[in-house]
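*Asks:* Okay, sequence plus prediction incoming.
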Amino acid sequence: MFRIITVEREYGAGGSLVAAELAHRKGWQLLDQQLTGEIAKMAAVDHKVVARCDEKVDTLMHRLAKVFWRGSYERALPVADYHIFDADMMVDLAHRLIEEKARVGHCVIVGRGAPYILRDRQDTFRVFVYGSREEKIRRMVRLKMSEAEATEMVDTIDQERAAFVRKYFNAEWPSRWLYHMMINSDSGLEFVTDAIMNAMDELERRHSHHGQQPAHIQHPEHAV
């Protein structure tokens, strides 16, 4: 029986909205921006500091500075929060928090590497929401973003997410082997939500009929 849903998404494809609707229909906890807030509390930094590291790789300048901080005898001196908190810490705290939330279950987790972190859990349904570039831009414009800004965000944010997954999970993004379902959102977010719910129900029905848990998805390196 599925107790967790992870929603990975292309920017502008509406994955966060789908996740919110899934959480509403299931009566489960939504973990999207809420994760950012909880990580900020754990690290004792401002929410905006964490948001700047969200699904991103640190800049080269930051990585070079970090080498200096670690090697300097002055590293015990106070340093501003935005210098101390970085993507490495973000991933470490997110990993711990996501595993903790998964143990409780009944949650929908958006991004933050959750499908990779929870890939061995048989009670987790993993979905990837994508869309055409044109529809993603139109969707962001409908959400009161200028067309120029929407185009830039659609064209760049997914590159950052791919770099994030490559660095911290040693995988290409999206990793098709990882998901139970990959679905195009051009047909509408309600259609996508219905399709995910129906797919989960059908998988659970089949596994219940055969007396089995949802199948474990193997990494290609381990598949026969």
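*Replies:* Arrived safely.
*Asks:* any chance you could map the strands in the chain?
*Replies:* For the chain, strands defined by DSSP state E occupy the ranges 4-9, 29-31, 107-110, 124-130, 181-184.
*Asks:* ok, the residue positioned nearest the centre of the chain - contacts?
*Replies:* In the chain, the centroid-proximal residue (CA atoms, centre = their mean) is residue 111; its distance is 0.7 Å. Taking CB atoms under 8 Å, 6 or more residues apart in numbering as the criterion, residue 111 is in contact with 7-9, 15, 32, 55, 161. For the C-beta atoms, the positions are set from N, CA and C on the backbone; glycine is no exception.
*Asks:* swap in residue 190?
*Replies:* residue 21.
*Asks:* if I look at it, how far off is residue 49?
*Replies:* Residue 190 sits 36 Å away from residue 49, going by CB to CB, to the nearest Å.
*Asks:* What of residue 42?
*Replies:* For residue 42, the distance to residue 49 - CB to CB - is 12 Å.
*Asks:* swap in residue 182?
*Replies:* The spacing between residue 182 and residue 49, counted by CB to CB, is 33 Å.
*Asks:* who has more neighbours, the two?
*Replies:* Per other CB atoms under 10 Å, whichever of residue 182 and residue 49 has more neighbours is residue 49, with 20 against 14.
*Asks:* any idea how far that one is from residue 113?
*Replies:* 19 Å.
*Asks:* ok, now residue 104?
*Replies:* In terms of CB to CB, residue 104 sits 18 Å off from residue 113.
*Asks:* Now the phi/psi pair for residue 112, please.
*Replies:* phi 60, psi 20 (degrees, to the nearest 10).
*Asks:* and the residue lying closest to it once chain neighbours are set aside, what pLDDT?
*Replies:* Distances taken as CB to CB, 6 or more residues apart in numbering put residue 94 closest to residue 112, at 4.9 Å, once the chain neighbours are dropped. With respect to pLDDT, residue 94 scores 90.
*Asks:* Pretty sure residue 94 sits against residue 36.
*Replies:* No - between residue 94 and residue 36 there is no contact under CB atoms under 8 Å: 9.1 Å.
*Asks:* if we can go back for a sec, I'd like the strands of the chain laid out as a markdown table, including distance to residue 22 and mean pLDDT.
*Replies:* Shown next, in a markdown table, are those (distance: least, CB to CB, whole Å; pLDDT from 0 to 100):
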| stretch | distance to residue 22 | mean pLDDT |
| --- | --- | --- |
| strand 4-9 | 6 | 97 |
| strand 29-31 | 8 | 97 |
| strand 107-110 | 5 | 97 |
| strand 124-130 | 9 | 98 |
| strand 181-184 | 12 | 98 |
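*Asks:* Out of the ones you listed, which gets nearest to residue 208?
*Replies:* Among the strands of the chain, the nearest to residue 208 by CB to CB is strand 124-130 (14.7 Å).
*Asks:* Would you mind getting the angle between the closest one and strand 4-9?
*Replies:* Angle between the axes of strand 124-130 and strand 4-9 is 20 degrees (criterion: axes from the mean of the first three to the mean of the last three CA atoms, to 10 degrees).
*Asks:* Tell me, how many residues neighbour residue 195?
*Replies:* Counted with other CB under 10 Å, residue 195 comes out at 15.
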